[in-house]
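J.: how does the following fold in three dimensions:
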Amino acid sequence: MTEEEKKQKEIQDDLVKNYRKRMDSSALRLSIRNHLRYTRAKDEFSATAYDKYMSLCYAIRDRIVERWSKTQQSYYNEDVKRVYYLSLEFLLGLALLNNIINLNLIEEVKYVVKKSGDDFTKLLELEPDAGLGNGGLGRLAACYLDSMATLGLPGYGYGLHYEFGIFKQVIQNGFQIEVPDEWLKFGSPWEIERPEYAINVQFYGKSVPEKDEFGRIHFVWKDTKDVLAIPHDMPIIGYGNSTVNTLRLWSARSSNQFDLSIFNHGDYIRAVEDKNYTENISKVLYPNDNIYEGKELRFKQEYFFVSATLQDIIRRYLKTYDNFDKFADKLAIQLNDTHPALGIPELMRLFVDIHGLKWDKAWEITKKTFAFTNHTVMQEALEKWSVNLFETVLPRHLQIIYEINSRFLEEVRSRYPGDNLKADWMSIVSDSGEKYVKMANLAIAGSHSVNGVAKLHTEILKNDVFKDFYDLYPEKFSNKTNGITQRRWLLVANHYLSQMIREKIGDGWIKDLSGIKRLEKFSEDKDTLINLYKIKLENKKKLAECIKKECGINVDAESIFDSQVKRIHEYKRQFLNALKILMMYNGLKKNPSLIASPVTFIFAGKSAPGYVRAKLIIKFINSVADMINGDKSINGKIKVVFLPNYGVSLAEQIIPASDVSEQISMAGTEASGTGNMKFALNGALTLGTLDGANIEILEHVGAENIYIFGLSAEQIKEKIQKRCYNPHEIYESDPEIKEALDMLRSDELSPGDTELFKPLYDALLYGDGGGEPDTYFLLADIKDYLRKSYQLNKDFGDKLLWQKKALFNIANMGYFSSDRAVAEYAEEIWHAQPVEIKH
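T.: Take a look at the predicted model:
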């Protein structure tokens, strides 16, 4: 054998031995072929496109697994402080392309797939969206996991493994119809079930005091109904490093799978009744909580997930330590809103009842361990659970909460003697009317840190929503403005734009978005601005094809793409946008030259199934669309589309193609928003109010590169306090507004049914249920909103000026990276350090 032959044999031997972890195209191709044959049991003649997609996923997963194992082992070997991020939602989006890019394998994969005669884009389209969230909360959690891994932080996500994610939205006759989202219908190649780490979770029963051999009283939770929590692990890959963290999701499984005695007596349905009832816990994201059964199921979901998680965290901690003295030094638990706040009494139960800690020590450790992120200023969104529900489902936890509250109120009364009103307001348990537990109050009392998610939001928390708590614990409160991962929302979502940026300034921004500021130096470069325009146009053409396919509507890719895509809610004011469009349409009918540039208004978003008003707004938007799109007399100058089934994948098509980003919530209601950041990073100009992170975007991009309208939060607060807001007066005095609103009571929008939109009309002018009219100040803001809309419509006509504004938005988004946000959490709240994983 010649030297050359020996060398080739060594290469071939290494390929065969290490093909699962090598990153070259030859090894990747062998990996895919072997998975097709041995994992999918198919050959080249019987393999379907889905088999090939799954084989590619498994080949990519092979290259993750060893890094995953090394990462976890490094955390044990170095005895690092770990961060646990608890969230009821993780809106991950598609994993295959994201994982390929984070492994820096995109060119190799494209080459291998092409050589195999397959279409890479079509393979990617076979992946279902993991709809484990409803909106910004879940997407934020996903961004933060990505950033933790990229920064090398020892991080874990914990949540629920919903069999059916957020429902699939279908639009029928303009109305939202919900159908099940079977994202797990064919399984997921990215998750690994770990039944060996199953955990028992208890419900119902009774809490019984018993004496030990020394006469000390302790409580035993007896006669419970038990459920097994089965973990499913998903890898979270860092970009440009070897870190692979874990997202662990819990599914519910009956501890009594099958009652053979009942089966043998012929009652086959009842034999599996317990199994079916139990496994409802992880069946669906957000059951309809308008009925008691729905509320109880949601309550059980929240407890099931935190109990399993905390038992798992303690199990992992006790592998290294035999007492809890270092517990808070070795781990931090972040509560993503109030949904995981039941973790506070649960950790106390585990410490006191199971592990025998004294109350004071257990409470000290608990407070040092937990940190709480608040995501809302809306009183109705601050979770409350009835005492009756606690008494039935979690009797021991109610006792613990009463004890926490008693000691907490002692502290309040000693600080504010005689101020019973303050004590009542701050109490964790409300005694007025129906008794309930205020979960935000519990989260603040039981955490060492409380943060808002935008500067304005945090100030509202400190000065209004939680003012009494801020006065008592000022050191707990801080701001951590939300962020987004540029890897998902630019590198993955907008290939053409990210390519252009790399050519101009390199790729350092992928790991450090502050570097994107260097793009500003091209703001006067005509070629760059023209290229930016062409990239946007190409993305718009793709979205226009999607709109044609999904809605059957032809739209002009040269028109302004003006997008409002987010969860449908009254405070987000999609209704305001639709009313403004009506006013523009009415104006255009009278004056055909009113609108300088044709505009396509794009809506997308889901309403909660039980939210009647929001669902009626969806119908209203679609009725406006039908009327305007069917009017040939306006020559297509306005088009309106509602894209169904909004999720991460659809967002990745809409956001890169949008010229205008509608962020129009009533000032003082949106905690932060992250859609505003995603749009701006992709070169869309914000049309918005002084709310949430819009204010900080304004500070970074400059007033000339954003369109701000409407009342400020302070102005609205003053009008509410002085009771001087009269929407009916505005309606009567402004012919444009009156004309648009009167259309809600005619049959122009709802032929043959003049009552359909009456609830929307009445809510604006008269209020409903004894409430104030126009709760979200639509009529107060609409004329200024209309003026700014006409202004940006005119500005769009100057293509170079518009692209310059777009470039300034892109270049000034560095602050809004989730890497920056997570680094702040790590330094100021978690006190966690990055760990280098050697590969």
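J.: residues touching the nearest residue to L576 once chain neighbours are set aside, list them.
T.: Using CB to CB, 6 or more residues apart in numbering and skipping residues adjacent in sequence, the residue nearest L576 is L778, 4.6 Å away. For glycine as for every other residue, the C-beta is placed from the backbone atoms N, C-alpha and C. By CB atoms under 8 Å, 6 or more residues apart in numbering, the residues touching L778 are R573, F575, L576, L579, P727, L764.
J.: show the contacting residues for P735.
T.: Neighbours of P735 in contact, by CB under 8 Å, 6+ apart: none.
J.: from L490, how far off is it?
T.: Going from P735 to L490 by CB to CB, to the nearest Å gives 45 Å.
J.: give the rounded mean pLDDT of the lengthiest helix in the chain.
T.: In the chain, assigned by DSSP state H, the helix with the most residues is helix 49-77. What helix 49-77 shows for mean pLDDT is 96.
J.: show me what that helix packs onto, helices and strands only.
T.: Packing partners of helix 49-77 (3 or more CB pairs under 8 Å, 6 or more residues apart in numbering; DSSP states H and E): helix 25-34, helix 96-102, helix 106-115, helix 120-124, strand 225-237, strand 244-254.
J.: ok, now which ones touch the residue nearest the centre of the chain?
T.: Centroid check for the chain by CA atoms, centre = their mean gives G138 as the closest residue, at 2.2 Å. Counting by CB under 8 Å, 6+ apart, G138 makes contact with S87, E89, F90, L91, L132.
J.: return the member of the contacts of L778 nearest to K566.
T.: Nearest to K566, judged by CB to CB, of those is R573 at 10.3 Å.
J.: contacting residues around that closest one?
T.: I664, S665, M666, Y776, L778.
J.: what do you get for Y496?
T.: I535, E538, N539.
J.: can you check I530 too?
T.: I530 neighbours (CB under 8 Å, 6+ apart): L800, Q803.
J.: per-residue pLDDT, it?
T.: pLDDT for I530: 98.
J.: distance of it from K799?
T.: For I530 relative to K799 (CB to CB), the value is 8 Å.
J.: that's a helix at A47, yeah?
T.: No: assignment of A47 by DSSP: H, G, I helix; E, B strand; the rest coil gives coil, placing it outside any helix.
J.: count of neighbours near it?
T.: Other residues near A47 come to 17 when the count uses other CB atoms under 10 Å.
J.: for the nearest residue to it once chain neighbours are set aside, give me its contacts.
T.: Excluding its sequence neighbours, the residue lying closest to A47 (CB to CB, 6+ apart) is L36, at 5.7 Å. Going by CB under 8 Å, 6+ apart, L36 touches K42, D43, E44, A47, D51, K52, S55.
J.: change it to 7 Å
T.: Taking CB atoms under 7 Å, 6 or more residues apart in numbering, we find L36 in contact with K42, A47, D51, K52, S55.
J.: check I32 too.
T.: So I32 contacts S55, L56, A59, V112 (CB under 7 Å, 6+ apart).
J.: and stretch 682-696, how far out from the chain middle?
T.: Centroid displacement of stretch 682-696 relative to its chain, using CA atoms, centre = their mean, to the nearest Å, is 18 Å.
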